[in-house]
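Undergrad: Turn this into a structure:
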Amino acid sequence: MTEKSRALARLPIFVLVLVLAGFAAAQKKVKEKDLSSLHREWLKLTTTFILPAEKEVFLTLTNERERDIFIEAFWKQRDPTLATPQNEYKDEMTKRFAYVNSFFRRGTVREGWMTDMGRIYMILGPANSIERFEGTAGLHPTQVWYYYGNTGKGLPANLALVFFQRGGGEFKLYNPVSDGPGSLIIDTKGLDLTDHAKLYEKIKEMAPTLAGVSLSLVPGQIPYGFAPSPQTSLILARVFDSPKKDINSAYATHFLHYKGIVSTEYLTNYIESSTTVEVIPDGLLGLDFLHFSMSPRKVSIDYYQPKDQYYCDFKLSVSLRRGDVVVFQYSKDYPFYFPPDRAENIQANGISVQDLFPVAEGKFGLTILLQNAVGKEFSLFEKEVDVPAGDGPVKMMPPVLGYGLQDTAAATIVPFKVLGHQILTDPKGTLGTGDDLAFAVGLVRLPRDIWAGGIVEVAAEGSQAKGKPVPVRTIKLSDLPYARTMTFLEKAPARDLPPDYYEVSFTLKNAAGEVLDKSSAPFILSPAAVVPHPVTIVRALPAADNFLYFIGLAIQYDKTGTPGRAEAFYEKAYNMRPDYLEGIVQYADFLLRNGKAKEALGLVDKLRDNEKFRFNYFLLKGQAHLGIGEYGPAIENLLEGNKIYNSDTRLLNTLGRCYIQTGDKTRALQALKASLSLNPDQKEIQDLVNSLGK
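TA: Numbering: from 1, shown residues only. Reported below is the predicted structural model:
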């Protein structure tokens, strides 16, 4: 393979990598009773801590295999020690489930997990201590379970949950507000059930320690006027919600949407990520680029012993769509090797995969899928992006923020490069006081009069500023030469601001001081001088291959129904690299689909002597000859192509149409029927065959 061929092999190829499944929400759910006994039992086990979104997804899955994989992912989201083979949370909940079904179904027809005691035990586990009043004269059988509450989940430091039993049957969870102290007393004749003070005293005579918790779930807390506090209901709600806190259901919805795209071994390992996406105009090429940086919250690494190196192996897949139509897509591999002395730092600080691609005007849905073969992990990001058209009033693009600037080679296009400098971005958006606040802001459709007297005011407002933003910069537009699209790049020492949560605003004003447009972006300034930032991985496209950007835009404009602009970009790319044969195939196919057969015929001769593109040469040449009405040469070329590959429906359909034009119905039917045997779902060809058979 020549060096030139190797270079071409390394280029990104615009191939299908994603098929979105947005219809998932409309899928039919299975009824719980129709699940297998194993899966019904799992739903019982997880009743107290499964999120509604998780259950919704589980019931939408279509087969046993998918449900088994989902259950594995469910437990993994709750595993406190992912690095070990044991899942302590799963083991504990399974043990609790067995216990409640053994001990709390006594005296009731319900299973133990359905009882109040069973639910609390599943949520909080065994009580730190239990006080029983099951033989106390004058009181219904009662138990008080004392717990040390998890304050991080909104519970009081100490918690007392009361269960009481009236008329036999199971113990019921007591609520001081809705049940009231009187419900604990057997004989309430002559008692005023609204006089909580007297009821408290009555219980205190029989069981002093029970009296206190009859008014409040917090031991030792006597509410004002002895009236049970409404806070009780809030505490109980937090108890039932506590096992669901800190669990993000995003993995579940991604499991459903991408189970046909992400291979099954990855589906159980969804990793949340921080992602930055910005559209930045490139003045040199005159194109808009979508830049992005994606940093998974966790990165698995492995050791490669022959070279004493650690590594991770990322694959990036990007899709841009308008409605249900995928207008652009590509994939890239990012293998990353590093010495052992960097392993701890990389796992602590993370990795950020960055890239960019040209983007057409309009509104699009962006999907970024990042997979790490080590650990079989995947992260997903979706966002709507809006690239402004060339006409309309002046508009300010969303700003790009970073923690510093870095010089780059003049001819190289890299992510977040602005005016010869790369903005060092951290998707987490956190800066240290030793960093610079670097920022870029772009203006599009800028009139000359606004450029002549306009300014952009930059200010940072912290959460503690109370409406008093700190001025950072005032940018005078005319300090740079005029252009209809302009980008301004600045930096300021972060230490000039006190640590806080900030919103940095960019306000465009004309010479009269009128506000024309405004944009903003958040960042966090840590009190630490040095904040760890992720290691950045980039695969920059060589400057000599910039023509691929124009092909990418041509594809987008073609898919969005703008053939004039698509043709202009195909022509631009062809003029930049007339020897790029794959581009010729795409360009010629576009011309043929848009009724320009003569122009296509002039391109395809460059494919003739390349063995790899020999079939494309005969196919495209045959299609071009058909397009200009030269049926004999068309048939001749198509038959040559069919000798190379005889199972291409495009060729067979074109051949059939050529035979129809020459009046050879028999051979036309042979070619078209051969095409249908390869793909029966061609209604137009089937109709053509039917019409020929009459």
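Undergrad: For residue 196, which non-adjacent residue is closest in space?
TA: Distance criterion Cβ to Cβ, 6 or more residues apart in numbering; nearest residue to residue 196, sequence neighbours excluded, is residue 226 at 4.2 Å. Just so you know, the C-beta spots here come from the backbone N, C-alpha and C atoms, and that holds for glycine as well.
Undergrad: And that neighbour, how close does it get to residue 204?
TA: Distance, residue 226 to residue 204, using Cβ to Cβ, to the nearest Å: 11 Å.
Undergrad: so what's residue 468 closest to, chain neighbours aside?
TA: That would be residue 461: by Cβ to Cβ, 6+ apart, it lies 7.4 Å from residue 468.
Undergrad: what number of residues lie near the one you found?
TA: 18 (other Cβ atoms under 10 Å).
Undergrad: so what secondary structure elements neighbour the helix or strand where it lies?
TA: Element membership of residue 461, judged by DSSP states H and E, is strand 455-462. Applying 3 or more Cβ pairs under 8 Å, 6 or more residues apart in numbering; DSSP states H and E, one finds that strand 455-462 contacts strand 436-444, strand 470-476, strand 500-509.
Undergrad: Which one of those lies nearest to residue 150?
TA: Proximity to residue 150 (Cβ to Cβ) singles out strand 500-509 among the helices and strands packed on strand 455-462, at 26.1 Å.
Undergrad: Residues in contact with that closest one: which ones?
TA: Under the criterion Cβ atoms under 8 Å, 6 or more residues apart in numbering, residues 394, 396, 399, 401, 437, 439, 441, 443, 450, 454-465, 469, 472, 515-525 lie in contact with strand 500-509.
Undergrad: Which of these are buried, as a ChimeraX select command?
TA: A single ChimeraX command selects the buried members of those (16 or more other Cβ atoms under 10 Å):
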select :394,396,399,401,437,439,441,443,450,454,455,456,457,458,459,460,461,462,465,469,472,516,519,521,523,524,525
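Undergrad: what about the strand holding residue 461, distance to the chain center?
TA: Its chain's C-alpha centre and that of strand 455-462 lie 30 Å apart, by Cα atoms, centre = their mean, to the nearest Å.
Undergrad: That one vs strand 500-509, what angle?
TA: 160 degrees (axes from the mean of the first three to the mean of the last three Cα atoms, to 10 degrees).
Undergrad: Counting neighbours, what do you get for residue 126?
TA: 11.
Undergrad: Likewise for residue 569?
TA: Neighbours of residue 569 using other Cβ under 10 Å come to 25.
Undergrad: wouldn't it be in contact with residue 547 here?
TA: No: between residue 569 and residue 547 there is no contact under Cβ atoms under 8 Å: 9.9 Å.
Undergrad: Of the helices and strands packed on strand 455-462, which stretch is the most buried?
TA: Ranked by mean neighbour count under mean count of other Cβ atoms under 10 Å, those are led by strand 436-444, which reaches a mean of 24.
Undergrad: Return the distance of it from the chain's centre.
TA: That offset, for strand 436-444, works out to 25 Å (Cα atoms, centre = their mean).
Undergrad: again, but for stretch 290-309
TA: That offset, for stretch 290-309, works out to 19 Å (Cα atoms, centre = their mean).
Undergrad: Okay, buried residues for it please.
TA: The neighbour-count check on stretch 290-309 (16+ other Cβ under 10 Å) flags 290, 291, 292, 293, 294, 295, 296, 299, 300, 301, 309 as buried.
Undergrad: Let me have those in CSV, extended by pLDDT and distance to residue 405.
TA: Output for the buried residues of stretch 290-309, formatted as CSV (pLDDT from 0 to 100; distance: Cβ to Cβ, whole Å):
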residue, pLDDT, distance to residue 405
290, 96, 21
291, 96, 15
292, 97, 19
293, 97, 15
294, 97, 21
295, 96, 19
296, 95, 25
299, 92, 26
300, 92, 32
301, 93, 29
309, 94, 31
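Undergrad: Now render these as JSON lines, adding distance to residue 601.
TA: Shown next, in JSON lines, are those (distance: Cβ to Cβ, whole Å):
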{"residue": "290", "distance to residue 601": "35"}
{"residue": "291", "distance to residue 601": "39"}
{"residue": "292", "distance to residue 601": "40"}
{"residue": "293", "distance to residue 601": "45"}
{"residue": "294", "distance to residue 601": "44"}
{"residue": "295", "distance to residue 601": "49"}
{"residue": "296", "distance to residue 601": "49"}
{"residue": "299", "distance to residue 601": "52"}
{"residue": "300", "distance to residue 601": "53"}
{"residue": "301", "distance to residue 601": "53"}
{"residue": "309", "distance to residue 601": "52"}
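Undergrad: Going by distance to residue 371, which of those wins?
TA: Closest approach to residue 371 among those (Cβ to Cβ): residue 296, at 10.0 Å.
Undergrad: In contact with that closest one, which residues?
TA: 271, 272, 273, 350, 351, 370, 372, 377, 379.
Undergrad: Mind doing that once more with 6 Å?
TA: Residues near residue 296 by Cβ atoms under 6 Å, 6 or more residues apart in numbering: 271, 273, 379.
Undergrad: What is the burial count for the closest residue to residue 180 other than its chain neighbours?
TA: The shortest distance from residue 180 to any non-neighbouring residue, by Cβ to Cβ, 6+ apart, is to residue 193 (6.3 Å). Residue 193 has 13 neighbours, counted by other Cβ under 10 Å.
Undergrad: Now name the helix or strand holding residue 193.
TA: Using DSSP H and E, residue 193 falls within no helix or strand.
Undergrad: gap between the residue nearest to residue 468 and residue 267?
TA: Applying Cβ to Cβ to residue 461 and residue 267 gives a distance of 42 Å.
Undergrad: didn't residue 335 look like it was pressed against residue 312?
TA: No: taking Cβ atoms under 6 Å as the definition, residue 335 is not a contact partner of residue 312, at 8.0 Å.
Undergrad: Give me the local confidence score for the closest residue to residue 153 other than its chain neighbours.
TA: Among residues not flanking residue 153 along the chain, residue 242 sits closest, at 4.3 Å (Cβ to Cβ, 6+ apart). Residue 242 is assigned 93 on the pLDDT scale.
Undergrad: For residue 159, see how far away residue 242 is.
TA: For residue 242, the distance to residue 159 - Cβ to Cβ - is 11 Å.
Undergrad: what about the nearest residue to residue 343 once chain neighbours are set aside, which SS state?
TA: Excluding its sequence neighbours, the residue lying closest to residue 343 (Cβ to Cβ, 6+ apart) is residue 310, at 4.7 Å. What DSSP: H, G, I helix; E, B strand; the rest coil gives for residue 310 is strand.
Undergrad: Mind pulling up the pLDDT for the residue nearest to residue 196?
TA: 88.
Undergrad: and residue 437, what pLDDT?
TA: With respect to pLDDT, residue 437 has a value of 96.
Undergrad: what sits against it?
TA: 492, 494.
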